[in-house]
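Q: give the three-dimensional model of this entry:
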Amino acid sequence: FPVTIFEPVSPKLPFLVAFTLIIPVVTGIGGVTLREYLNGRVLYRKDIEQLTDIPVIGEIAFDREEGEIVAASGRRSFVQEQFRQLRAAYRHLEGGVEKHNRVMVTSCVEGDGKSFVASNFAIGLARSGKRVVLIGLDLYQPKLHELFQLEASPGISDWLLQTCKISDILKSTTVNDLTV
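A: Numbers count the residues shown, from 1 in each chain. Below is the predicted model of the structure:
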């Protein structure tokens, strides 16, 4: 039998407050977690370490105020210190520098700082007494010749086309023991 209630029916305020506060928080946290889980980009050092066996020996910040060549300036800075740490970590790799005598700086994204890292790391190695050859293989937008104020031609593409000798494309820089 139907029952008739003679009291006014009203919303249950504690339940509604809890419901309106908890549901958006749980939905937001769940959405962010799902988005991070489905994200295919490599964003952090731990991502690289989990996906490869290649050692990560350093991370470098970029300070736009310092410019592209920070290792050549005489003053000390945070970015220069990061390159010193990178150089020290490189020296202490398992097997030593003799085993790891080639370094490749690469990325598929324009503007990631490949030339910045490669040129400053090369300057640091050269200043520590190592003979360094820095090879820029960006055939579309070469930048190393601009950074070191060198003539662009002949370059690596000329050598690959066999229109010049290797000695023609190697250019000395103002940094001792560094050739570009």
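Q: middle-most residue in this structure, spatially?
A: residue 112 (6.2 Å; CA atoms, centre = their mean).
Q: need the next SSE after the helix or strand bottoming out on mean pLDDT in the chain, C-terminal direction.
A: Sorting the helices and strands of the chain by mean pLDDT, DSSP states H and E puts helix 96-99 at the bottom, at a mean of 65. Where DSSP states H and E defines the elements, the next helix or strand beyond helix 96-99 is helix 114-127.
Q: identify the residues contacting that next one?
A: Residues outside helix 114-127 that contact it (CB atoms under 8 Å, 6 or more residues apart in numbering): 60, 62, 68-72, 79, 83-84, 86-87, 90, 103, 105-107, 132, 134, 136, 138, 143-144, 147-148, 175-178. Glycine gets a C-beta too; all of them are placed from N, C-alpha and C.
Q: go on, stretch 144-154?
A: Residues contacting stretch 144-154 (CB under 8 Å, 6+ apart): 68-69, 115, 118-119, 134, 136, 142, 155, 163-164, 168-169, 171, 173-174, 180.
Q: return the list of helices and strands in contact with the longest helix anywhere in the chain.
A: Secondary structure assigned by DSSP state H gives helix 13-38 as the longest helix of the chain. Contacting helix 13-38 under the criterion 3 or more CB pairs under 8 Å, 6 or more residues apart in numbering; DSSP states H and E is no other helix or strand.
Q: make 32 the starting number, not 1.
A: Let's use 32 as the start, then, which means that last one is helix 44-69.
Q: low pLDDT regions in this structure?
A: Within the chain, the segments meeting pLDDT under 70 span 32, 96-97, 103-106, 125-129, 131.
Q: try it again with 90
A: Scanning the chain for pLDDT under 90 picks out the ranges 32-50, 67-211.
Q: list phi and psi for residue 167.
A: Dihedral pair for residue 167: phi -100, psi 120, per degrees, to the nearest 10.
Q: re earlier: tell me which residues in the next helix-or-strand element following the longest helix of the chain are buried?
A: Using DSSP H and E, the helix or strand that directly follows helix 44-69 along the chain is helix 76-82. Across helix 76-82, burial judged by 16 or more other CB atoms under 10 Å covers no residue at all.
Q: helices or strands next to the very next helix or strand once past helix 76-82 in the packing?
A: Counting by DSSP H and E, the element after helix 76-82 in chain order, helix or strand, is helix 109-122. Using 3+ CB pairs under 8 Å, 6+ apart, the elements in contact with helix 109-122 are helix 145-158.
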